[in-house]
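Engineer: My questions concern the predicted model and sequence given below.
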Amino acid sequence: IKMILKKIIKVKKLFLDQYINYCLYKFDTSYYQSKNIFGYKGDFVTSPHISSIFSEMLAFWTFSYWDKIKKPKDLNILELGPGDGTMAKDIITTLKKIKQFNGKINYFFLEKSKYLKKKQKEKLIHLNNIYWIKNIKDFQKNNLVILSNEFFDALPVKQFIKKKNKWLEKGVQFNRKTNKLQFFFEPASQVHIKKISRYFDLEKNNFIEICYEAKKIVKDLSLLLQKENSIFLTIDYGDFSTFSNDTLQAIKNRKKVDPLTFPGESDLTTQVNFYYLIKLFNEYNLHKIFFINQSQFLQKLGINERLASQSKLLNSKKLFNLKQSIKRLIHPKEMGNLFKVLVIGNKKQKFDLGK
């Protein structure tokens, strides 16, 4: 991938969103298309890999929603960017263990990586009613729960900087003298300035990081969420702010590296601005049902009670590991405060956590 990218950039400058797309998705050898990146042997560890208790909590929340919409025979779940399938497997397994749940689960995946699709199929081989969809537009289901975990943070972003009262767009180019990639800035088009001014105050902000891809996805999701019994829950790391910051980072072997040093070999990611994301949904007459941090969400769903029930069943080593995992998921200085939970629905929806 390094060589492919360098060959392309030698003859063609790329704006940042193009660069991220090339590194992560575009080629068979791009990061998400070719590498086992999840879990303790990968470049980063997501919540479902820290402990299955995370997915159990999501299953309990999904069960509560199914109960609220009067227990339909079929419960449809759509997961966006499902990684290696760990979360889906644990959610299905937990739902089937809940005595009061007697619905049929149809689980759908939206996944554009062929490599990850293969991994998901291997992991879920023993489960029934598992389907992969190519795009959201052609997907129409009632009684639908849409889930995503660390999905929006992996989408390409554009970045703009204001210098001497003029907006410039950031890109990546090849420097022949140093034989390395470097950032460049050039005057931003008025089309972009107009687009970003709809969401951010350009007088108050000197820097803008914005995800156009999220806008397309929200538009497609809005068609599904207009239906009466459809809801969307997304978990990601980020904040709610009318100010925009440069949050681009690269991770390789669980360590931060320069975003230009290992193109296609490191994960490029940005923090989600939930202020922007909620605004996108509002444009389609969808609204925020609730927005809280991961710690509050998991505790309201009973993660501490789950730990207490397990403490009588586990040996001291397993109990210690479980306590450490839960601490990582809910402690404010770990994932508890950095990760946020956003639930979106149409104006008819009024669904809380039940506690």
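Structural biologist: Perfect, thanks for sending it. Numbering: from 1, shown residues only.
Engineer: which stretches of the stretch 201-350 of the chain have low pLDDT?
Structural biologist: 349-350 (pLDDT under 70).
Engineer: Correct me if wrong: residue 69 contacts residue 144.
Structural biologist: No - counting by C-beta atoms under 8 Å, residue 144 is not a contact partner of residue 69; they are 9.9 Å apart. C-beta coordinates here come from the backbone N, C-alpha and C atoms, glycine included.
Engineer: if you count what's nearby, which of those two comes out ahead?
Structural biologist: It is residue 144, of residue 69 and residue 144, that has more neighbours when counted by other C-beta atoms under 10 Å, with 22 against 18.
Engineer: Once you drop chain neighbours, what's closest to the more buried one?
Structural biologist: residue 230 (4.2 Å; C-beta to C-beta, 6 or more residues apart in numbering).
Engineer: Distance check, that neighbour against residue 60.
Structural biologist: 19 Å (C-beta to C-beta, to the nearest Å).
Engineer: Comparing the two, which residue is more hemmed in?
Structural biologist: residue 230 (24 against 20).
Engineer: show me what contacts that one?
Structural biologist: Neighbouring residues of residue 230 by C-beta atoms under 8 Å, 6 or more residues apart in numbering: 142-146, 224, 345-346.
Engineer: Find the residue closest to residue 46 in space, skipping its chain neighbours.
Structural biologist: For residue 46, the closest residue by C-beta to C-beta, 6+ apart turns out to be residue 150, at 5.3 Å.
Engineer: Could you export stretch 50-70 as PDB, keeping only the C-alpha atoms?
Structural biologist: The C-alpha trace of stretch 50-70 is given here as PDB (Å, rounded to 0.1, in the frame of the first residue of the first chain):
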ATOM      1  CA  ILE A  50     -12.500  -5.900  26.300                       C
ATOM      2  CA  SER A  51     -15.300  -7.900  27.700                       C
ATOM      3  CA  SER A  52     -18.500  -9.700  26.400                       C
ATOM      4  CA  ILE A  53     -20.300  -7.800  29.200                       C
ATOM      5  CA  PHE A  54     -20.300  -4.700  26.900                       C
ATOM      6  CA  SER A  55     -22.300  -6.500  24.300                       C
ATOM      7  CA  GLU A  56     -24.500  -8.100  26.900                       C
ATOM      8  CA  MET A  57     -25.600  -4.600  28.100                       C
ATOM      9  CA  LEU A  58     -26.400  -3.700  24.500                       C
ATOM     10  CA  ALA A  59     -28.500  -6.900  24.200                       C
ATOM     11  CA  PHE A  60     -30.400  -5.900  27.400                       C
ATOM     12  CA  TRP A  61     -31.100  -2.500  25.900                       C
ATOM     13  CA  THR A  62     -32.200  -4.100  22.600                       C
ATOM     14  CA  PHE A  63     -34.500  -6.400  24.600                       C
ATOM     15  CA  SER A  64     -36.000  -3.400  26.500                       C
ATOM     16  CA  TYR A  65     -36.700  -1.700  23.100                       C
ATOM     17  CA  TRP A  66     -38.300  -4.900  21.700                       C
ATOM     18  CA  ASP A  67     -40.500  -5.100  24.900                       C
ATOM     19  CA  LYS A  68     -41.500  -1.400  24.500                       C
ATOM     20  CA  ILE A  69     -42.600  -1.800  20.800                       C
ATOM     21  CA  LYS A  70     -45.000  -4.600  22.000                       C
END
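Engineer: Cool, thanks, talk later.
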